[in-house]
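Engineer: give the three-dimensional model of this entry:
(chains A and B)
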There are 2 protein chains.
Amino acid sequence: MSVIVVGSVAYDGVETPHGKIDRMLGGAATYISLAAAYFTPVKLVGIVGDDFAAEDVDFLASRQIDLAGLERVPGKTFFWAGVYSADMNDRTTLRTDLNVFADFNPKLPETYRGERYLLLGNIQPELQKSVRAQMPQLKLAGGDTMNYWIGDFREALLATIAQWDFLLINDSEARMLSGEQNLRRAAARILKMGPRTLVVKRGEYGAVLFHGDCHFIAPGYLLDDVFDPTGAGDCFAGGFIGYLAGEGFEPSGASLDMAALRRAVIYGSVMGSFCCEKFGVDRFRSLTRAEIDARFQEFQSCTAF
Amino acid sequence: MSVIVVGSVAYDGVETPHGKIDRMLGGAATYISLAAAYFTPVKLVGIVGDDFAAEDVDFLASRQIDLAGLERVPGKTFFWAGVYSADMNDRTTLRTDLNVFADFNPKLPETYRGERYLLLGNIQPELQKSVRAQMPQLKLAGGDTMNYWIGDFREALLATIAQWDFLLINDSEARMLSGEQNLRRAAARILKMGPRTLVVKRGEYGAVLFHGDCHFIAPGYLLDDVFDPTGAGDCFAGGFIGYLAGEGFEPSGASLDMAALRRAVIYGSVMGSFCCEKFGVDRFRSLTRAEIDARFQEFQSCTAF
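Structural biologist: Model (predicted):
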């Protein structure tokens, strides 16, 4: 089953303790699509300028990523630059040039509208809502958001996520959205806002899945080297939705759901961990499905007791 | 099998967002002993002043904790006071009055010296070493330390832990001791300093066990309310050594060890989580072994996939 992925396609400038890259392929929809495409075909929705390189188009197209929904307009592609702290737990944004992304108004090609799985990257909540409205046959929809929308576009965001099956956010965003410091109580509040499933990402510490009365705690994979954490959260989302769509997951009884959702969270963690092993999307140039499944097994052997 | 527990017995003043207690029973050896005593008999080694209350003696003695090694001398018991941040991830020390603890020089009663299991709380490394030398029949010895000893008493600390089977420290201490930022590489270096087993505590995020070439990642239990995190790390240590001693654990083949050590880490996490549910040691006044085993099962159901 194909998954529709909507969000930014960008160029990034990144500096980490391991080095500096002035300009490389990035953007949430790029990372999500690359990760999800290991599990299922992807149909991407995004916008780029006329500076978007042919080699980047070719790379995405080589990975069962349909680019019919990647709009190309005059102007420059979204550019973001940032620098990471020594322990890479914090980053400072140096530059955000929205460029053509400022006018992004996602319209799904006819060939996309009948699909059943939707992952909305972090964009304006009303745009996220408009995409969902273009997909009458959805089985599973959800996505990401960020502190800016939670703080300044709260009503629009609440109206948007009320229609979602799942929400994927980080721990500080979960606390901000719910007004609760304690994660368990924060989750209980958020699950009353609409989504049946909440995944709280905790960076290097893994993720927690909340679904009905159940929760599942997944630790982070212990990497030998973190080269560049950019995109890891998006790759988590890609692994999560990619696995569920690839399996043809249909929301049903809570206990049945929970087993598949747990595996989806682990595949999300696996994809996030690979993302950090090289700069930008570089790890995905060589990564194989066999490596992914081996790491899934490694997760099992590092956590069972 | 009894476990020898050595460390501070104190009174604490604690303020958290949930309230303030001016003076209550505390100290590393107190927390370790109370947690371990759910699994196996404990023989405590510590020092208190003549202000140490009869009700506190009675409480400890009621929990299969042998107090023959609790020295009582003229003067005041060690007093510590601190205040926690709103999210309880940081704390500020307001007062440290070592009092009689300044002259602590642990001497084991004859009835202690033949025991096989030893847990050394965070005290001066040379004192830790002197205790180990008093126990010729040890099967399993290890303990805790802190940034102060790592920074200012490095040589003494290295000589001490070289004789230990396991070391239990938090993540910033592991980074400081090893000089490595990456946790996996930090652990590899520390395992070359002597201990065959390293447990890195990560507060609310759980713990990671390193043993030979294997590692085990245990998530933190998600509490509905954290009232007071004081002593949680010590209770982790108590659950860890208590479980191993109670089972008569003998270091042997790596893979056999690993299964028991994994369970010990989970029991450690369980005990740390209960500790946070009330102020000071209060949760241990009512906690039952059945509740402990139920939470161990809950850990299994929240982490299996």
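Engineer: please make it C-alpha for all contacts and neighbour counts, starting now.
Structural biologist: Fine.
Engineer: what residues does the stretch 1-150 of chain A have near chain B?
Structural biologist: Within the stretch 1-150 of chain A, the positions adjacent to chain B are A:D87 by C-alpha under 8 Å from any C-alpha of the partner chain.
Engineer: please enumerate the helices of the stretch 1-150 of chain A.
Structural biologist: Shown for the stretch 1-150 of chain A, the helices assigned by DSSP state H, counting those that start in this stretch span residues A:28-36, A:54-61, A:125-133, A:147-152.
Engineer: from the contact counts, what lies against the last one?
Structural biologist: If I follow you right, that is helix A:147-152. The helices and strands touching helix A:147-152, judged by 3 or more C-alpha pairs under 8 Å, 6 or more residues apart in numbering or on different chains; DSSP states H and E, are helix A:171-178.
Engineer: close to chain B, is the helix it packs on?
Structural biologist: No - Helix A:171-178 lies out of reach of chain B by C-alpha under 8 Å from any C-alpha, never closer than 11.0 Å.
Engineer: state the mean pLDDT of that helix.
Structural biologist: When pLDDT is averaged over helix A:171-178, the result is 97.
Engineer: contact partners of it?
Structural biologist: Outside helix A:171-178, the residues that touch it by C-alpha atoms under 8 Å, 6 or more residues apart in numbering or on different chains are A:146-147, A:150-151, A:181-183, A:186-187, A:189-190, A:200-202.
Engineer: which of these fall within helices?
Structural biologist: Residues of the contacts of helix A:171-178 located in helices (DSSP state H): A:N147, A:I150, A:G151, A:L183, A:A186, A:A187, A:R189, A:I190.
Engineer: confidence score at the fifth one?
Structural biologist: So the one you mean is A:A186. 97.
Engineer: that one touches A:I169, doesn't it?
Structural biologist: No - counting by C-alpha atoms under 8 Å, A:I169 is not a contact partner of A:A186; they are 11.9 Å apart.
Engineer: which of the two has more neighbours?
Structural biologist: Using other C-alpha atoms under 10 Å in any protein chain shown as the criterion, A:A186 and A:I169 rank with A:I169 on top: 24 against 20.
Engineer: which stretches of chain A have low pLDDT?
Structural biologist: Along chain A, the parts satisfying pLDDT under 70 run over A:254-256.
Engineer: all strands of the stretch 201-305 of chain A, in order?
Structural biologist: Under the criterion DSSP state E, counting those that start in this stretch, the stretch 201-305 of chain A contains strands at A:207-211, A:214-218.
Engineer: in the stretch 51-200 of chain A, which residue sits nearest chain B?
Structural biologist: Residue nearest to chain B within the stretch 51-200 of chain A: A:R184 (5.9 Å; C-alpha to the nearest C-alpha).
Engineer: for that residue, what are its contacts?
Structural biologist: Taking C-alpha under 8 Å, 6+ apart, one finds B:L222, B:L223, B:D224 in contact with A:R184.
Engineer: okay, and which of the residues you listed map to helices?
Structural biologist: Using DSSP H, none of the contacts of A:R184 sit in helices.
Engineer: out of those residues, which is most surrounded?
Structural biologist: Going by other C-alpha under 10 Å, B:L222 tops the contacts of A:R184 with 21 neighbours.
Engineer: roughly how far does that one sit from B:A264?
Structural biologist: From B:L222 across to B:A264, the span is 19 Å (C-alpha to C-alpha, to the nearest Å).
Engineer: same thing with A:K107?
Structural biologist: Distance of A:K107 to B:A264, given as C-alpha to C-alpha: 55 Å.
Engineer: ok, those two, which is more surrounded?
Structural biologist: Neighbours per residue, other C-alpha under 10 Å: of A:K107 and B:A264, the larger number sits with B:A264, 25 against 17.
Engineer: show the contacting residues for the closest residue to that one other than its chain neighbours.
Structural biologist: Nearest in space to B:A264, with sequence neighbours left out and distances taken as C-alpha to C-alpha, 6 or more residues apart in numbering or on different chains, is B:F240 at 4.6 Å. For B:F240, the contact set (C-alpha under 8 Å, 6+ apart) comprises B:A36, B:A264, B:V265, B:I266, B:Y267, B:G268.
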